[in-house]
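Q: Make a model of this:
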Amino acid sequence: MLVLTRKLNEAIQIGDDIEITVLSVQGDQIKLGIKAPKEVEVHRKEVYLSIQESNNEAASILPNILDILKNTSKNLK
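A: Here you go, the predicted model:
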């Protein structure tokens, strides 16, 4: 992990298109401003993990549905 130290209103540039700026620091909270292209998804980590879990659950259901459809089509013959 790269660790960088920034002060208020200083920024970090990631590639050509993503800029992260420290907007405020209050106690143990830091407010960040993120400029990124619209096609780049930006999420809080906990939201990102929740989305991944939901996607994995949906993907695990799909094989079961395919099996049910296969068995149903065999029974119709």
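Q: For the rest of this, base every contact and every neighbour count on C-alpha atoms.
A: Noted.
Q: any idea how far the helix or strand containing Asn56 is from the chain center?
A: When elements are defined using DSSP states H and E, Asn56 is found to belong to helix 45-76. When distances are taken as CA atoms, centre = their mean, to the nearest Å, helix 45-76 is centred 20 Å away from the chain's centroid.
Q: Make residue 1 into 184 and carry on from there
A: Renumbered: residue one is now 184, and that last one reads helix 228-259.
Q: mind listing what's buried in it?
A: Neighbour-count burial for helix 228-259, counted by 16 or more other CA atoms under 10 Å, picks out no residue.
Q: In space, not sequence, find me the middle residue of the protein.
A: To find the centre residue of the chain, average its C-alpha atoms and take the closest one (CA atoms, centre = their mean): that gives Tyr231, at 3.5 Å.
Q: Per-residue pLDDT of that residue, please?
A: On pLDDT, Tyr231 comes in at 97.
Q: any idea how far it lies from Val225?
A: According to CA to CA, to the nearest Å, Tyr231 and Val225 sit 8 Å apart.
Q: which neighbours do those two share?
A: None of the residues lies in contact with both Tyr231 and Val225 under the rule CA atoms under 8 Å, 6 or more residues apart in numbering.
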